[in-house]
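Q: Can you look at this prediction? I've put the sequence above it.
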Amino acid sequence: MNKQKLLSVFICLAMALPLVGALLYFVILKGTVTAQVVYSLVKVIMLAGPIVVVMTLERDGLHFDFFDWKNQLRAIPLGLLTGGLIAALMLVLYEYSALGDYVNRFADDVRQKAEQLGFLDHYWSFGVFLAVGHSLLEEYYWRWFVFGRLRKFVKPAVSAGLLGSLAFAAHHYVVLGCFFSPFGAVLFGTCVAMGGGLWCWMYNRQKTLLGCWLSHALVDAMIMYIGYRLIFSQ
């Protein structure tokens with residue numbers, strides 16, 4: 001098998017890994033020590049796997065545009081604008097629409113799940129990690145690695161973005177199903193897919209992760225704020 005075909009196989013595996021992992025540690029093995037081990041292993045693979053694959057199978061090897069400062073600075077406004085608008089819309093819907101009433105119905109379930117997962121007593125430190133660190137990991141994995149390589153095999157780029165975003169949303173459907181009813185899992189999971197599509201478009205346009213990372217981080221920060229309201233203010 002040549003390197004291009006092997007790369008396509010690894011991209012398919014990468015798209016499936018988070019979904020399989022979520023099914024294992026949130027459903028099949030939930031509440032066990034093994035689930036925590038699987039969770040950690042999946043995150044390690046998400047971090048190290050793309051680097052190994054790219055260095056092994058791509059001619060140009062590993063390449064990040066960290067030091068293209070002008071391009072990085074140009075990406076910031078759109079990242080802040082999109083993330084801020086999405087976060088504001090989420091807050092308005094939570095405060096003033098029937099969607100907020102729906103979410104509040106699951107406050108006890110969210111609190112119980114947070115306690116089971118072990119972050120109830122250090123909620124905001126976990127929230128900072130999720131909004132800043134985990135969002136960066138997801139952008140690196142899903143936009144730089146998966147979408148960045150998928151667009152080589154799937155044309156046009158919008159089709160690659162759609163496919164990558166559906167894969168990005170897949171494990172979120174599982175996670176959200178642990179907190180909400182099937183209706184909520186499908187609704188919010190589809191919103192995740194739309195967010196993934198936006199961030200694919202931004203990455204394809206801006207050629208940097210900074211803008212989509214800032215946007216993603218602001219959205220995750222709002223999710224953690226609403227989660228705090230559910231857990232501690234009900």
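A: Ah, there it is. Numbering: from 1, shown residues only.

Q: which residues touch the spatially most central residue of the chain?
A: Of all residues in the chain, the one closest to the mean position by C-alpha atoms, centre = their mean is Glu138, 4.7 Å from it. The neighbours of Glu138, taking C-beta atoms under 8 Å, 6 or more residues apart in numbering as the test, are 168, 216. In this view, the C-beta of every residue, glycine as well, is placed from N, C-alpha and C.

Q: Let me know the average pLDDT across the helix ranked longest in the chain.
A: Longest helix in the chain by number of residues (criterion: DSSP state H): helix 69-96. For helix 69-96, the mean pLDDT works out to 94.

Q: Sort out which residues of that helix are buried, please.
A: 72, 75, 78-79, 82-83, 86-87, 90, 94 (16 or more other C-beta atoms under 10 Å).

Q: need the contact list for Leu218.
A: Counted by C-beta under 8 Å, 6+ apart, Leu218 has contacts 80, 83-84, 86-87, 131.

Q: returning to what we had before: pick out the most distant pair among the buried residues of helix 69-96.
A: The most widely separated members of those are Gln72 and Tyr94, with 32.2 Å between them, by C-beta to C-beta.

Q: quick one: Met222 from Arg74, how far?
A: For Met222, the distance to Arg74 equals 25 Å [C-beta to C-beta, to the nearest Å].

Q: If you could redo that for Asp68, that was the one I meant.
A: 10 Å.

Q: same check, this time on Arg151
A: For Arg151, the distance to Arg74 - C-beta to C-beta - is 21 Å.

Q: next one: Arg149
A: Arg149 is 24 Å from Arg74, by C-beta to C-beta.

Q: what residue ranges in the protein score low on pLDDT?
A: For the chain, the stretches flagged by pLDDT under 70 are 1, 60-67, 234.

Q: quick one: the helices in it?
A: 3-22, 33-57, 69-96, 98-104, 107-117, 123-128, 135-138, 148-153, 157-177, 182-206, 210-232.

Q: what comes up buried for stretch 157-167?
A: 157, 160-161, 163-167.

Q: ok, so of these, who is nearest Tyr39?
A: Ala167 (18.8 Å).

Q: Count the residues that sit near the nearest residue to the closest one once chain neighbours are set aside.
A: Spatial nearest neighbour of Ala167, excluding adjacent residues (C-beta to C-beta, 6 or more residues apart in numbering): Met15 at 3.9 Å. Using other C-beta atoms under 10 Å, the number of residues around Met15 comes to 19.

Q: just to revisit the earlier point, and the helices of the chain, which is most packed in?
A: helix 210-232 (a mean of 21; mean count of other C-beta atoms under 10 Å).
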